[in-house]
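Show me how the following folds:
(2 chains)
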Amino acid sequence: MGKAKNKINEAELVRRIKSGDSTAVEDFVRQYSSRVYSLAYQLTRSSSAAEEIMQEVFITVISKIATLENENYFSTWLYRVTANAAYGYLRKEKKHRDLVQVDDVEAGSGVLQDLSDLPDDILLSDESRDIVRQAIDRLPETLRTIVIMKDVEGLQNEEIAEAMKLSLPAVKSRLHRGRLMLRDKLSRHLRRYS
Amino acid sequence: MKDGIKKCDHYLKLLCEYVDSELSEDLHDDFKRHIESCETCWKVFRTYNITVTLSRKTKVIHTISTEQVERLCTIVSSCLNCKK
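Presented below is the predicted three-dimensional model:
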């Protein structure tokens, strides 16, 4: 119900922007700036980069909004523009090197540690979270975007599929492989406690 | 033994959807029964589930200040006016 209402508001907002309503641009920025900033930050891990990307995204989206045929896909389009801008920034800054080809990744091939006896305060500690955060940053781009969109930003698989122009099975497959790689990193790290 | 591995492979393919609660009720219950009786699959599930929980905890909550929003509105509007 909430989602349907959001979609209606979203479509209405797009129509207002398209018709040249000047207040619509302000509403658009207020409504979506946190989401754009958050995704940009998760992908770049830099506040100044996120702010720069956010600015670029809003200018791009507003200036190209006439090309958006289906207003219902507005937010997924926004996520796609944000992800592209973030990777564009990283490439420009040469901070990101996607050396591992996704097809070469043997996710989940590591020795599985038995973590079942470890207490929750170790398993769910800030240290474990930081290991996972670092591991997310080192995932190949194609897996990282999906893991961040799903597990960090909380998007639905269908929204990710639309934003990334992928099929639903492809999203699920990449998500699963990304998670398996993170699990391997975490398992290796926690080996010292078992 | 081979049948057991085959069976586990079948369930592990459903792991992602199980953790995300995307399986039908029947499959969900079937999966749950299996991991409760299979120690290996239980371990895989537990480590996988903890990883997903930790990923969710990595989210950094940002609050965009009113000043930032206003600055952004000004920049976007002036860019659009330049293009007109």
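
Listing request: residues of chain A with sub-threshold pLDDT.
Under the criterion pLDDT under 70, the flagged ranges of chain A are A:1-8, A:95-114, A:116, A:194.

so where do the helices sit in it?
A:2-18, A:22-44, A:47-64, A:74-93, A:120-123, A:126-137, A:141-147, A:157-164, A:168-190 (DSSP state H).

got it, and chain B?
B:2-12, B:15-19, B:25-37, B:39-57, B:66-83.

Including distance to residue A:11, could those go into JSON lines?
C-betas here are computed from N, CA, C, even on glycine. JSON lines is the format used below for the helices of chain B (distance: least, CB to CB, whole Å):
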{"stretch": "helix B:2-12", "distance to residue A:11": "40"}
{"stretch": "helix B:15-19", "distance to residue A:11": "30"}
{"stretch": "helix B:25-37", "distance to residue A:11": "33"}
{"stretch": "helix B:39-57", "distance to residue A:11": "30"}
{"stretch": "helix B:66-83", "distance to residue A:11": "20"}
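
out of those helices, nearest to residue A:156?
Closest approach to residue A:156 among those (CB to CB): helix B:15-19, 13.1 Å.

any idea how far residue B:14 lies from chain A?
Distance from residue B:14 to chain A, counting by CB to the nearest CB, to the nearest Å: 10 Å.

and that residue, what does it touch?
Residues in contact with residue B:14 (CB atoms under 8 Å, 6 or more residues apart in numbering or on different chains) are B:23, B:27, B:31.

Can I have the buried ones of these as a PyMOL selection?
PyMOL command restricting the contacts of residue B:14 to the buried ones, with burial defined by 16 or more other CB atoms under 10 Å in any protein chain shown:
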select buried, chain B and resi 23+31
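
which one of the contacts of residue B:14 is nearest chain A?
Chain A lies nearest to residue B:23 out of these, by CB to the nearest CB, at 11.9 Å.

Can you list the low-confidence ranges for chain B?
In chain B (pLDDT under 70), the answer is B:1-5, B:81-84.

and it, which of its residues are near chain A?
B:15-17, B:20, B:22, B:42-44, B:46-48, B:50-64, B:68-69, B:72-73, B:75-77, B:79-80, B:83 (CB under 8 Å from any CB of the partner chain).

okay, the helices of chain A in CSV with distance to residue B:9 next?
CSV is the format used below for the helices of chain A (distance: least, CB to CB, whole Å):
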stretch, distance to residue B:9
helix A:2-18, 35
helix A:22-44, 33
helix A:47-64, 41
helix A:74-93, 33
helix A:120-123, 26
helix A:126-137, 25
helix A:141-147, 22
helix A:157-164, 22
helix A:168-190, 14
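
Please identify the deepest-packed of those helices.
Across the helices of chain A, the average number of neighbours (mean count of other CB atoms under 10 Å in any protein chain shown) peaks for helix A:141-147, which reaches a mean of 24.

which one is residue A:52 nearest to, not counting chain neighbours?
Once flanking residues are discounted, residue A:52 sits nearest to residue A:89: 6.9 Å by CB to CB, 6 or more residues apart in numbering or on different chains.

Name all residues that make contact with the one you found.
Contacts of residue A:89 (CB under 8 Å, 6+ apart): A:44, A:49, A:52-53.

Select, from those, the two members most distant in space.
Once CB to CB is applied, these give A:44 and A:52 as the farthest pair, at 9.2 Å.

how does chain A divide up, domain by domain?
The record's domain parsing of chain A by automatic domain parsing lists A:2-93, A:102-193.

so how far is the first one from its chain's centroid?
I take that to be domain A:2-93. In terms of CA atoms, centre = their mean, to the nearest Å, the centre of domain A:2-93 is found 13 Å from the chain centre.

cool, the last one as well?
Its chain's C-alpha centre and that of domain A:102-193 lie 13 Å apart, by CA atoms, centre = their mean.

is chain B contacted by it?
Yes. With CB under 8 Å from any CB as the criterion, chain B is reached by domain A:102-193 at A:112-116, A:123-124, A:128-129, A:131-133, A:136, A:147, A:151-154, A:157, A:172, A:175-176, A:179-180, A:182-183, A:186-187.

picking that back up, and the residues of chain B next to chain A, which are buried?
Taking 16+ other CB under 10 Å as the criterion, what is buried in the residues of chain B next to chain A is B:15-17, B:20, B:43-44, B:46-48, B:50-55, B:57-59, B:62, B:64, B:68, B:72-73, B:76, B:80.

Kind regards, and thank you for your time.
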